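Q: below: sequence and its predicted model.
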Amino acid sequence: MALNKIFSPSAKYKLIRLGKNNDGGYLVGENSILQSNYLISFGLDLDWSFEKSFKKKNINILCFDDKLSYRFILKKILKQIISNFWNINYKDLIFLIKKLIEFYNFKKILNFKKKRITYGDVLKITNGIDNIFFKIDIEGSEYRILDELIEIKNKINGIVIEFHDVHLHQVKIQHFIKNIGLELIHIHPNNYQGLDQFGNPYLLELTFEKKPIVLNKKNILPHEHDMKNNPYIDDINLTFQ
């Protein structure tokens, strides 16, 4: 079985990649960045490369994550040392220590708040602001805020959102695509969790834009800037019906 054709972008759009290589980087519409005054980012973990790329565009940034803190990173460092005391992976340990140091500056520059995002938060956070780009990766909680995003669609220039457990929520995602008032300009399968029983990915990354720039009426996937989220396992090829 293939994905519904509504998941397939209708053209090839002008896209750029923001964030690091592989997992954590996303393809977004260049126009939506140029026209945005705010990036609102839901979900970070230990990767804020996308947000840092946005900051270079001189855009106001608001970041939210319910787990990220000094304690969160320190626990990861201690776990790395204790669990591998006789065979420490120094590469991973150095990475975590760098993240701890970087987080100190990151909190100030990117307006970080430790908060779990759920229904009702979108309207509160966006009160009084517009021309917004959203980055959303909140491990399944995205379904709680889809209706709110639709409600404020006139404020939004672009969205990149990771949908989890797609096999359970295809109807909700299709409803969102139809009603968000933005053009679906890119789809990317996240290969970390593989395929469901019908051969479709459990994780999908979708990008939307208000005024996309069309390069070609025919879209070809994967895009030349796409990268596997996990570089060490097979990529996923999408089909539509």
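A: That came in fine, so what should we check first? This is a predicted model, so every value here is computed, not measured.
Q: if I look at the most far-flung residue of the chain relative to its centre, how far off is residue 225?
A: In the chain, counting by C-alpha atoms, centre = their mean, residue 86 sits farthest out from the average C-alpha position, at 36.6 Å. Separation of residue 86 from residue 225 (C-beta to C-beta, to the nearest Å): 42 Å. Quick note: C-beta positions are derived from backbone N, CA and C, even for glycine.
Q: adjacent strands (with direction) for the longest strand belonging to the chain?
A: Ordering each strand of the chain by length in residues (DSSP state E) puts strand 183-195 first. Pairing partners of strand 183-195, with direction, according to DSSP bridges: strand 201-209 (antiparallel).
Q: distance from the strand it pairs with to the middle of the chain?
A: Here the centre of mass of C-alpha atoms in strand 201-209, compared against the chain's by C-alpha atoms, centre = their mean, to the nearest Å, lies 8 Å away.
Q: now swap in stretch 100-114 and tell me
A: When C-alpha coordinates are averaged (C-alpha atoms, centre = their mean), stretch 100-114 and its chain have centres 19 Å apart.
Q: identify all contacting residues around it.
A: With contacts defined as C-beta atoms under 8 Å, 6 or more residues apart in numbering, stretch 100-114 is touched by 41, 44, 48, 51-52, 55, 60-70, 73-74, 77.
Q: let's see that with 7 Å instead.
A: Under the criterion C-beta atoms under 7 Å, 6 or more residues apart in numbering, residues 48, 51, 55, 61-66, 68-70, 73-74, 77 lie in contact with stretch 100-114.
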